[in-house]
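K.L.:
What would the 3D arrangement of this be:
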Amino acid sequence: MQLIGREQERKELEKCLNSQRSEFVVIYGRRRIGKTFLIRKFFDDKFDFSFVGMHNYARQAQLDDFAKALKKYSGNKYALNLKNWDEAFEQLELLLEKKKKIGKKVVFIDEMPWIDSRRSDFIPALEKFWNSWAAFRDDIMFVCCGSSTSWIIDKILKNRGGLYNRTTMQIYLRPFTLGETKLYLENIKCNWDDFQIAQCYMILGGVPYYYSLLESKESLVENVDRLFFSSKNAVLRTEFSELFAALFPNYEKYADIIKLLSTRQEGFTRTQISEKQGFGGSELTKILDNLERCDFITGYVKTGGGNKNKIYRICDFYTLFYYRFIEKNAEAKPGYWQKVFNSTKIAVWQGYSFELLCLLHISQIEKALGISGMVTTASTWRSKNNEAQIDLVIERADRIIHLCEMKFSKNNFVLTKDYEKKLRDRAAIFEAETGTKFAVNTVFITTYGVANAQNYSIISKDITLEMLF
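P.N.:
Numbering: from 1, shown residues only. Predicted coordinates for the structure are as follows:
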């Protein structure tokens, strides 16, 4: 499989590989996002040492596997009996010192959070390895990654001990955009049009692993039925049960908050979440931060409200799809998606999901508006009595505000006079309540454009799905 996209990440890795110092590189991002694939493809699987931590393995079992990896890369006949991680890293130092190689010696530790079990002494040993040996050389490229983004940030990037400020490169791997998804699908000979790719994206999001499960000879509907509804053990039906357990300790509270957020399209404030869940303080702050770090939720600032009034919404399409269509269908029903795909409830769900898709492609929207180089602020807005709402408000540095109207339809969207009046009334309420002195206009973001856009002066810009790619 070819490496698709990740151009900036490849440039950063190349820069580290060619530097004149030892490099401590951290790659992080949510589960299934392609961290390991990126590293393996970039280095063509040619490492001077590599090791993968195992989930729920005891400390000694991890050490035994590390010893086997040392045996493999050293060519020794027998594996060592390692008693602790200090010994493990000392042996790694000896292995690397013996290698006669021009350029960087590359060490890759995958799923590092799973190695750091309670009382494992892994982090102190890693600190010693880097601070007393690797950092004094100029030929080591130490690369680590893991799916538990919260662990990576807390234990490595924000470490207050011996690893404080020691990383030399941080690469946060985000989900694919629509454009990257299209390139990936073309690479696997899945030549769907933009509309069908958008429909697929609203189910799978930008997670490369999920797209690797698609069969190019099947339609989107057939793929969804096979992956989610063919049986109780369908591959993406069982994925959810492992998702949070693999990422977070005491994951039940994480799952409860995600489930709560799935119940309301417009999301919840922190105060509302606290009231619903029955706890708050630092515990809730940590959970919300960790869910944001792993790209499961995102916090949208209210227009004029500041960070304290954030609205939290799920931004992971797979999770939304699971709660809407899998959890509520406890029994797997083969052919289910084919039966409901053209129903009203699917159309309603796609309308909401398209709004989220737009919110996750704001940079593409700004490019279509011709303001990609301008300082902007994106926010959401609700009127005081909730009679009007705008899910995307883009405020520009040149004193212009765009109120974005997002509509998903199979054909050109037809704007009626009644709907136009509703939009004008909404804009008037927005101006009155915010007291803005900026010029306010309305932008339409639709799949195929507004059919009669030229007839309505309220439409300042008509952005189509194609522009989001």
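K.L.:
tell me which strands and helices the helix or strand encompassing residue 68 is in contact with?
P.N.:
Residue 68 belongs to helix 59-74 when assigned by DSSP states H and E. Contact here means 3 or more CB pairs under 8 Å, 6 or more residues apart in numbering; DSSP states H and E; on that basis helix 59-74 packs against strand 49-52, helix 85-98. The C-beta positions use only the backbone N, C-alpha and C, and glycine is treated the same way.
K.L.:
and these as CSV, adding mean neighbour count?
P.N.:
Shown next, in CSV, are these (neighbours: other CB atoms under 10 Å):
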stretch, mean neighbour count
strand 49-52, 20
helix 85-98, 17
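K.L.:
tell me the angle of the helix holding residue 68 relative to helix 85-98?
P.N.:
Between helix 59-74 and helix 85-98, the angle comes out at 10 degrees (axes from the mean of the first three to the mean of the last three CA atoms, to 10 degrees).
K.L.:
picking up where we left off before, point out the one among the helices and strands packed on helix 59-74 that comes closest to residue 364.
P.N.:
strand 49-52 (35.5 Å; CB to CB).
K.L.:
for the protein, what helix or strand is lowest in average pLDDT?
P.N.:
strand 306-314 (a mean of 79; mean pLDDT, DSSP states H and E).
K.L.:
domains of the chain?
P.N.:
7-172, 176-360, 363-468 (automatic domain parsing).
K.L.:
circling back to that earlier point, going by neighbour count, which residues in the helix holding residue 68 are buried?
P.N.:
59, 62, 63, 65, 66, 67, 69, 70, 71, 73, 74 (16 or more other CB atoms under 10 Å).
K.L.:
which one of those is nearest residue 46?
P.N.:
residue 73 (11.4 Å).
K.L.:
related to what we said a few turns ago, can you redo the buried residues of helix 59-74 as a markdown table, where the extra columns are pLDDT and distance to residue 421?
P.N.:
Listed next are these as a markdown table, based on pLDDT from 0 to 100; distance: CB to CB, whole Å:
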| residue | pLDDT | distance to residue 421 |
| --- | --- | --- |
| 59 | 95 | 68 |
| 62 | 97 | 65 |
| 63 | 97 | 71 |
| 65 | 97 | 67 |
| 66 | 98 | 69 |
| 67 | 98 | 74 |
| 69 | 97 | 68 |
| 70 | 97 | 73 |
| 71 | 97 | 75 |
| 73 | 96 | 71 |
| 74 | 94 | 76 |
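K.L.:
With respect to residue 227, which of the residues you listed is nearest?
P.N.:
For the buried residues of helix 59-74, the nearest to residue 227 is residue 65 (31.7 Å; CB to CB).
K.L.:
Number of residues surrounding residue 292?
P.N.:
By other CB atoms under 10 Å, 17 other residues sit near residue 292.
K.L.:
so it sits in a strand?
P.N.:
No: checked against DSSP: H, G, I helix; E, B strand; the rest coil, residue 292 lies outside a strand; its state is helix.
K.L.:
ranges for the helices of the stretch 51-200 of the chain?
P.N.:
59-74, 85-98, 122-132, 149-151, 178-187, 194-204 (DSSP state H, counting those that start in this stretch).
K.L.:
Other residues contacting the shortest one?
P.N.:
Outside helix 149-151, the residues within contact range by CB atoms under 8 Å, 6 or more residues apart in numbering are 28, 29, 30, 112, 113, 116, 247, 248, 289, 290, 293, 294.
K.L.:
Where neighbours are concerned, which of the residues you listed has the most?
P.N.:
residue 28 (26 neighbours).
K.L.:
State the distance from that residue to residue 207.
P.N.:
Separation of residue 28 from residue 207 (CB to CB, to the nearest Å) stands at 15 Å.
K.L.:
swap in residue 463?
P.N.:
25 Å.
K.L.:
Looks like residue 121 contacts residue 87 (just checking).
P.N.:
No: between residue 121 and residue 87 no contact is recorded; they are 10.3 Å apart, counting by CB atoms under 8 Å.
K.L.:
what separates the helix or strand where residue 276 lies from the chain centre, distance-wise?
P.N.:
Per DSSP H and E, residue 276 falls inside helix 270-277. Centroid displacement of helix 270-277 relative to its chain, using CA atoms, centre = their mean, to the nearest Å, is 24 Å.
K.L.:
repeat for stretch 64-80
P.N.:
35 Å.
K.L.:
OK, contacts around the spatially most distant residue from the centre of the chain?
P.N.:
The outermost residue of the chain relative to its centre, with distances by CA atoms, centre = their mean, is residue 77 at 42.7 Å. Applying CB under 8 Å, 6+ apart to residue 77 gives the contacts residue 71.
K.L.:
Check it and give its pLDDT.
P.N.:
We have a pLDDT of 90 for residue 77.
K.L.:
Over to residue 384?
P.N.:
89.
K.L.:
Also residue 154?
P.N.:
89.
K.L.:
Can you report how many residues neighbour it?
P.N.:
For residue 154, the count of nearby residues is 17 (other CB under 10 Å).
K.L.:
What of residue 327?
P.N.:
Neighbour number of residue 327 under other CB under 10 Å is 11.
K.L.:
One more: residue 443?
P.N.:
19.
K.L.:
helix/strand/coil for it?
P.N.:
Of the three states, residue 443 takes strand under three-state DSSP.
K.L.:
same thing with residue 460?
P.N.:
Quick answer, by three-state DSSP: residue 460 is strand.
K.L.:
Enumerate every residue touching the closest residue to it other than its chain neighbours.
P.N.:
Nearest non-adjacent residue to residue 460, counting by CB to CB, 6 or more residues apart in numbering: residue 441, 3.8 Å away. Contacts for residue 441 were tallied using CB under 8 Å, 6+ apart; they are 400, 401, 402, 403, 458, 460, 461.
K.L.:
repeat for residue 51
P.N.:
Taking CB under 8 Å, 6+ apart, one finds 65, 66, 69, 108, 109, 110 in contact with residue 51.
K.L.:
Most widely separated two among those?
P.N.:
Maximum distance among the contacts of residue 51 (CB to CB): 14.4 Å, for 65 and 108.
K.L.:
weakest of the helices of the stretch 51-200 of the chain in terms of mean pLDDT?
P.N.:
helix 149-151 (a mean of 85).
K.L.:
so how far is it off the chain centroid?
P.N.:
So, by CA atoms, centre = their mean, the centroid of helix 149-151 is 13 Å from its chain's centroid.
K.L.:
got it, and stretch 62-77?
P.N.:
That offset, for stretch 62-77, works out to 34 Å (CA atoms, centre = their mean).
K.L.:
For residue 401, which three-state class applies?
P.N.:
strand.
K.L.:
Give the bridge partners for it, please.
P.N.:
residue 395, residue 440 (DSSP bridges).
K.L.:
do you know how far the nearest residue to residue 121 once chain neighbours are set aside is from residue 166?
P.N.:
With sequence-adjacent residues excluded and distances taken as CB to CB, 6+ apart, residue 121 is closest to residue 85, at 5.2 Å. From residue 85 across to residue 166, the span is 17 Å (CB to CB).
K.L.:
same question, residue 332
P.N.:
48 Å.
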